[in-house]
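# Sequence first, predicted coordinates after that:
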Amino acid sequence: MIPAWVGKYVGSDFASHGRGPDEFDCWGLVRWVLLREYGIEAPDFGEEYEHPTDAEGIPKAIETGKAGWCRVSDAREGDVVVLNVYGKPMHCGVVVSPGFMLHTRRGVGSCVESYERPLWKPRLEGVYRHRARCN
């Protein structure tokens, strides 16, 4: 079941380095949702990459960011899904229900999709939970 709060984020526009409230890139949306729905403050990382296809900067930012997270096998609402693009971890979304993520991408905007569907499942790098919720 998808929580009702998700609806207020669906349909937001995609924007490179978008940090809200109406335009987001994938990390900007994750960061915004984590703070507003879970009280988790995550780093910006906007200075770490030049554009949404920066195949050097984005994976470095993701790797740096993993320090505050634990990898999990039992995805639950509020976890972060990391996905490979161009063979590197370059995309993310927020788990809104096991198997489903809220994310955004160019040409689509923010939406809910299954990360288990054929487009995403082979790209799944991992699911991560903020250290404050790892107990």
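Received it, and whenever you're ready, just let me know what you need.

# in the protein, which spans are helices?
For the chain, the helices defined by DSSP state H occupy 26-38, 57-65.

# which residues are contacting the first one?
Defining contact as C-beta atoms under 8 Å, 6 or more residues apart in numbering, one finds that helix 26-38 is touched by 5, 9, 12, 15, 17-21, 24, 40-46, 52, 61, 78, 80, 91-94, 102-105, 110, 130, 133. Placement of C-beta: from N, CA and C, glycine included.

# starting at the chain centroid, how far to it?
Put simply, helix 26-38 sits 8 Å off its chain's centre (C-alpha atoms, centre = their mean, to the nearest Å).

# model confidence over it, on average?
Mean pLDDT, helix 26-38: 96.

# Now do the buried residues in stretch 37-54.
For stretch 37-54, a neighbour-count test (16 or more other C-beta atoms under 10 Å) marks 37, 40, 42, 45, 48, 49, 52 as buried.

# Look at the residue lying closest to the second one once chain neighbours are set aside and say how many residues are nearby.
Okay, so that is residue 40. Setting aside the residues directly before and after it, residue 40 is nearest to residue 34 in space (C-beta to C-beta, 6 or more residues apart in numbering), at 4.2 Å. For residue 34, the count of nearby residues is 17 (other C-beta atoms under 10 Å).

# All good on my end, thank you.
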